[in-house]
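> Build the 3D model from these lines:
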Amino acid sequence: MKYTKPTLASDIQRSWHLVDVNGKILGRIAGNIAVILIGKEKPYYVPNLDCGDYVVVINAQKIEVTGKKASNKTYEKYSGFPGGRKVKTFQQLKQENPTRIVREAVSGMLPKNKLRSEMLKRLYIYADVHHPYGAKFQS
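All right, here's what the predicted structure looks like:
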């Protein structure tokens, strides 16, 4: 009788993925990025280990949403002090910090456990096409 070999942390091989979100829909592309970060497409995936790859997202300032979400969707930040709640719309945040939009969307699609922060450490988001990881994609 043959048994399946369990996946060990030393068996995990990480690769790099470049994702251009120019003109793409936020929710659809965030789901694809989350699958790569989790590592679900790998044959040795196990839910108790962080099996995912590195992801570099470019053109975050050109991400799109459908319907009226551009004016109705809000992002909140709270300092913990009275009067410290700040609310911004999608349009305002797209002007000021477009990387936060993508990071929050991907973070919401990752599992809510101790591995989430480790997965988010491998997500690099840039507002335009310039990034320092060009050597990782030369092949």
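> Give me the pLDDT value at the residue nearest the centre of the chain.
Central residue of the chain (CA atoms, centre = their mean): residue 106, 3.8 Å from the mean position. Residue 106 is assigned a pLDDT of 98 by the prediction.
> same check, this time on the one 5 residues further on
Listed pLDDT for residue 111 reads 96.
> my guess is residue 117 is in a strand, correct?
No. Residue 117 is assigned helix when assessed by DSSP: H, G, I helix; E, B strand; the rest coil, not a strand.
> What's the local residue count around it?
11 (other CB atoms under 10 Å). All C-beta atoms are positioned from the backbone trio N, CA, C, and that covers glycine.
> next one: residue 80
6.
> ok now do it, which residues does it touch?
By CB atoms under 8 Å, 6 or more residues apart in numbering, no residues touch residue 80.
> Look up which residues are beta-bridged to residue 78.
residue 85 (DSSP bridges).
> From residue 87, how far out is it?
From residue 78 across to residue 87, the span is 10 Å (CB to CB, to the nearest Å).
> same thing with residue 50?
Taking CB to CB, one finds residue 50 at 33 Å from residue 87.
> Of those two, give the one with the bigger neighbour count.
residue 50 (19 against 10).
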